[in-house]
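Engineer: Fold the following.
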Amino acid sequence: MARCTSAFFIGSLVWVVTQGITQSNKEDDGSSSVLVYGGTEGGAIAAIGLARTTRQHNLSAQIWLIEPTSTIGGMLSAGMNDDSNRGQVRAYGGLAAEFFRRVAVQYNVSAAQNASCFNGEPHVVEATFRAWLHDEGVRVLDNTWITHVNLTSTTRVIRAVTLSTGEVVHGAAYIDASYEGDLLAMSGVPMTVGREPREQYNESLAGMLLCTSTYEHFQVPVRATVNGSNSTLLPGVDSWSNMSAGQGDHRLQSFNFRACLTSADGVAIAKPVGYTRDTYVLVERYLAAMQAARKRVTLNQLFNCHAYASHKCDTNDGPPVGINPMGQETFSWPTATPLQRRHLRDVFAKYTLGLWYFLGNDASVPASVRTAMRALRLCRDEWPDLGHLPSIPYVREGRRMVSDNVFTQEDYNVRSGANLPRGTSGIRSSVNNVSVGLGFWFIDCHAVQHVSVNGIVHNEGCIQNGRDRMDAGDVFEIPLAILVPPAMSVSNLVSVCTPSASHVGFNALRVAPTYMTLGHSAAVSVALALSTARHALNATVDVRAVDARVLQATLRAQGQVLTTHDMPAGNFTVNVSCGGSPAPPPPTNGAVVVQPCAAATPSASEQWWVVPDGTVRQGGITGATCLTVLSSEAVPGHGISVGVATCMAPVGDHQKWLPGTAATDQLGKDHSGRTRDPINGFSNRTLLSAAPAPCFDPYQNLTCSCLTALAWQHTTKQLTMLWGNFSQHDDSAHPNRWTYDASTHAIRTTTGLCLAAPTPPSQLLPPIDDVHEQHGSAQ
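Structural biologist: Below is the predicted model of the structure:
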């Protein structure tokens, strides 16, 4: 299909049909039609799964994929490119795993290598989806949506749907794989939006709650009222005095574009039409408060950019204010019409482009931040017909189905082995309580809104619980029961991206590989229901009546991972660096490098280190120089500059390094000094690593930062500071383990590489201001 040149987007639609589109009320002849609504990653996989499984069961089926936007593949094609794609790769197989192998082939990796690419460029990802759908015989219709659902009045069965083109399609079964649950809602299935009150399922993380972790938390106090007023709040800030912890509401966690930026050749970011500087007053005030508190201000403190292929990065939130507008744009999205979502998408685009223009040009922004922002451009080869921005923002949460069984915090707690306070399970029936896939993500909710607490701005709604368990490999089973509507509702419809879950439970399910897993399982369940109905000569398809044993056997035969016993052992897949490795950052004065270890004597002064009192000091030279975070300004794709600088007294946070344990043989950098947060689950497990490939996700303000030989295979061998998962740096099979040899004073890896600081002491950079996170006075 031709790509739409409109700068608009909407939800998502996948449609699977067996016989064809009709213009009359006549029922289809003996063939079965199946419609999947939602061209998300889960919907595309559902269409492919239906094509394959119906063929295997000799059900002559023409599959249609119908999408109301110009993009097929959901957020994977709309820019999302972070560790939620990689996650726990042993937890998912089947069509999801096959997809990432197909992406690797697009980068000229032989299929025989069985390699996977989890960080493909958005245009390559979408091309992979479209080519695969074509190969399976799926007919793709984009820029089309459902306007009406024809339900039988007595049996609550969907008989037909009407498209925005006026065409009427008759189907025997349907799958809703949209992020918003539009088809479910139009079919009368009970749905909910927002957050349940804490007491509804006895969930300790439910309802409203103030953000307390370093993630999306203000480092410094920021005044919430306009100048000259003690009561008038800034635009976009609400009063916490009108709310209470644990209270339910209809608000949603914030959305933002997962856009593509590059420091290479790209499209310059221009001032958007209708730009208003006042939109960014909270950003301006946050920057001013940071500077007043003598905090180093960087671009990372306004938005993150995850490095991936070909000098590109994927924008995301993480800092307390910046790229994610919190408010009605997000709250209105789930229940908006497709046309209304087109308008909302433009609102997000205007805000995002305006933010970047503000950061690159406004005099109130520190010069270093302006320079860093102006060095970035929109990726020329991504979404060229949409102004080089994705067709949708990251729809983290839409409607959620309310079925007879609901996946709650307690259900995640029991299945994942978490140690959360006990609550109420929503899985009440043994019927359909069989696993159709494994989840691996943690309870991850972004900030919902800015609120004023005693005149100071706070973020509200953040939950970050279980990241450490995910990094350690914990997984949990997902029951079929949360994909099917309640017993008294529609029988021939199943959900993928809007399962029956509480707000808290849903946040462990809402990532692309899980959606793909559920799309595969939903497709097989529908195909089996079609087969059962045909053999029984029964015109009604009931997905709830599928034989669980047959379903699981069919899924396993197709490679789906349903339990921990199905998980392959060890590192079963090779992750290729798609599109080439990012170029190393230019060497800086005072840089630390990795080089072959010298002879086993302490004579090589540039490799001579001593580690007293939590510092890593350069030995064998005159003067006191310490391993230091020289600059917290991250180069997109490369992270934070690390080198040596004059030692400070008392020791600054950026010169304090934590010794590793005997189990890891690594050194760690503690940014915050905080202990484990019992609500959000962060722990100080930061590492000094010499990994052979880049760490991902340069979150400057989290407590997980890795000193990594990012480009040790290149000439400069420049070290940078990046955040990465624990599991990425705890594998003795890779050259990522540092040990300190007291006899030679060397900090070395298992592969004969040593930490070195070759810059002459006379050329060292001066020390920087301490960036230890402490609250200063209110601004």
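Engineer: what separates residue 367 from residue 219, distance-wise?
Structural biologist: Going from residue 367 to residue 219 by C-beta to C-beta, to the nearest Å gives 20 Å. Any C-beta I mention is one placed from the backbone N, CA and C, and that applies to glycine too.
Engineer: Give me the more crowded residue out of these two.
Structural biologist: residue 219 (21 against 8; other C-beta atoms under 10 Å).
Engineer: and that one, what pLDDT?
Structural biologist: On pLDDT, residue 219 comes in at 84.
Engineer: looking at it, it is touching residue 295, isn't it?
Structural biologist: Yes. Using C-beta atoms under 8 Å, residue 219 is in contact with residue 295, at 6.2 Å.
Engineer: Quick check: bridge partners of residue 174?
Structural biologist: residue 35, residue 493 (DSSP bridges).
Engineer: how many other residues sit next to it?
Structural biologist: 28.
Engineer: Ok, the one 10 residues further on next?
Structural biologist: Using other C-beta under 10 Å as the criterion, residue 184 is surrounded by 27 other residues.
Engineer: Spatially central residue in the chain, please.
Structural biologist: residue 84 (4.9 Å; C-alpha atoms, centre = their mean).
Engineer: if I pick the residue lying closest to it once chain neighbours are set aside, what's in contact with it?
Structural biologist: Spatially, and ignoring its direct neighbours in sequence, residue 84 is nearest to residue 511 (4.2 Å; C-beta to C-beta, 6 or more residues apart in numbering). Each residue near residue 511 by C-beta atoms under 8 Å, 6 or more residues apart in numbering is listed here: 84, 87, 441.
Engineer: Okay, the second one and residue 260: tell me how far apart.
Structural biologist: Residue 87 sits at a distance of 21 Å from residue 260 (criterion: C-beta to C-beta).
Engineer: Repeat that for the first one.
Structural biologist: Computed as C-beta to C-beta, the residue 84 to residue 260 distance reads 17 Å.
Engineer: Likewise for residue 55?
Structural biologist: Distance from residue 55 to residue 260, by C-beta to C-beta: 36 Å.
Engineer: who's more crowded, those two?
Structural biologist: Counted by other C-beta under 10 Å, residue 55 and residue 260 do not tie: residue 260 has more neighbours, with 29 against 15.
Engineer: How about the secondary structure of residue 419?
Structural biologist: coil (DSSP: H, G, I helix; E, B strand; the rest coil).
Engineer: now it, nearest residue through space, not along the chain?
Structural biologist: residue 413 (7.9 Å).
Engineer: close enough to count as contact, that neighbour and residue 423?
Structural biologist: Yes. If you go by C-beta under 8 Å, residue 413 and residue 423 touch, sitting 7.0 Å apart.
Engineer: What are the boundaries of the helices in the stretch 51-200 of the chain?
Structural biologist: Ranges of helices in the stretch 51-200 of the chain, per DSSP state H, counting those that start in this stretch, are 74-77, 83-86, 94-106, 122-135, 182-186.
Engineer: For the last one, enumerate the helices and strands it packs against.
Structural biologist: Counting contacts by 3 or more C-beta pairs under 8 Å, 6 or more residues apart in numbering; DSSP states H and E, helix 182-186 packs against strand 146-151, strand 173-176, strand 493-495.
Engineer: Those: which one's closest to residue 95?
Structural biologist: In terms of C-beta to C-beta, the element of the helices and strands packed on helix 182-186 nearest to residue 95 is strand 173-176, at 14.0 Å.
Engineer: Which strands or helices does the closest one pack on?
Structural biologist: strand 34-37, helix 41-56, helix 182-186, strand 493-495, helix 512-535.
Engineer: ok, now with 10 Å
Structural biologist: strand 34-37, helix 41-56, strand 146-151, strand 158-163, helix 182-186, strand 493-495, helix 512-535 (3 or more C-beta pairs under 10 Å, 6 or more residues apart in numbering; DSSP states H and E).
Engineer: Need phi/psi at the residue nearest to residue 419.
Structural biologist: With angles defined as degrees, to the nearest 10, residue 413 sits at phi -60, psi -50.
Engineer: Number of residues surrounding it?
Structural biologist: The burial count for residue 413: 25, using other C-beta under 10 Å.
Engineer: can you pull the contacts of it?
Structural biologist: Residue 413 makes contact with 203-204, 419-423, 425, 443, 465-466, 476, 504-505, 508, according to C-beta atoms under 10 Å, 6 or more residues apart in numbering.
Engineer: In strands, which of those appear?
Structural biologist: Counting by DSSP state E, the contacts of residue 413 place 443, 465, 476 in strands.
Engineer: Lowest pLDDT pick from those residues?
Structural biologist: Out of these, that is residue 465, at 91.
Engineer: what bridges to it?
Structural biologist: Going by DSSP bridges, residue 465 forms beta bridges with residue 443.
Engineer: Is there a neighbour count for it? I'd like the number.
Structural biologist: 27.
Engineer: before we move on, what about the one 10 residues further on?
Structural biologist: Residues lying near residue 475 (other C-beta under 10 Å) number 24.
Engineer: coming back round to it: quick check: neighbours shared by residue 413 and residue 423?
Structural biologist: By C-beta under 10 Å, 6+ apart, the residues touching both residue 413 and residue 423 are 203, 204, 504, 505.
Engineer: Derive a PyMOL selection command for the buried subset of these.
Structural biologist: A single PyMOL command selects the buried members of the shared contacts of residue 413 and residue 423 (16 or more other C-beta atoms under 10 Å):
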select buried, resi 203+204+504+505
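Engineer: Let me have the shared contacts of residue 413 and residue 423 in CSV, adding pLDDT and distance to residue 610 as columns.
Structural biologist: Output for those, formatted as CSV (pLDDT from 0 to 100; distance: C-beta to C-beta, whole Å):
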residue, pLDDT, distance to residue 610
203, 98, 50
204, 97, 46
504, 98, 48
505, 98, 50
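Engineer: Looking at the shared contacts of residue 413 and residue 423, which two lie furthest apart in space?
Structural biologist: 204 and 505 (12.6 Å).
Engineer: so what sits against both of the two?
Structural biologist: Counting by C-beta under 10 Å, 6+ apart, the residues touching both residue 204 and residue 505 are 409, 410, 413, 423.
Engineer: Filter the residues you listed down to the ones in helices?
Structural biologist: Assigned to helices by DSSP state H, the following of the shared contacts of residue 204 and residue 505 qualify: 409, 410, 413.
Engineer: so the first one makes contact with residue 418?
Structural biologist: Yes. Distance between residue 409 and residue 418: 8.7 Å, which falls inside the contact criterion (C-beta atoms under 10 Å).
Engineer: When the two are compared, which one has more neighbours?
Structural biologist: residue 409 (33 against 19).
Engineer: what about the nearest residue to residue 37 once chain neighbours are set aside, how many residues close to it?
Structural biologist: Spatial nearest neighbour of residue 37, excluding adjacent residues (C-beta to C-beta, 6+ apart): residue 183 at 4.2 Å. Number of residues near residue 183 (other C-beta under 10 Å) recorded here: 29.
Engineer: Offset the numbering so it begins at 2, please.
Structural biologist: Sounds good: first residue 2 from here, last item residue 184.
Engineer: Read off the pLDDT value for residue 184.
Structural biologist: 97.
Engineer: Was I right to think residue 446 contacts residue 206?
Structural biologist: Yes. Because the distance of 8.1 Å satisfies C-beta under 10 Å, residue 446 is recorded as touching residue 206.
Engineer: Residues that sit against both of the two, list them.
Structural biologist: Counting by C-beta under 10 Å, 6+ apart, the residues touching both residue 446 and residue 206 are 196, 464, 466, 504, 505, 508, 681.
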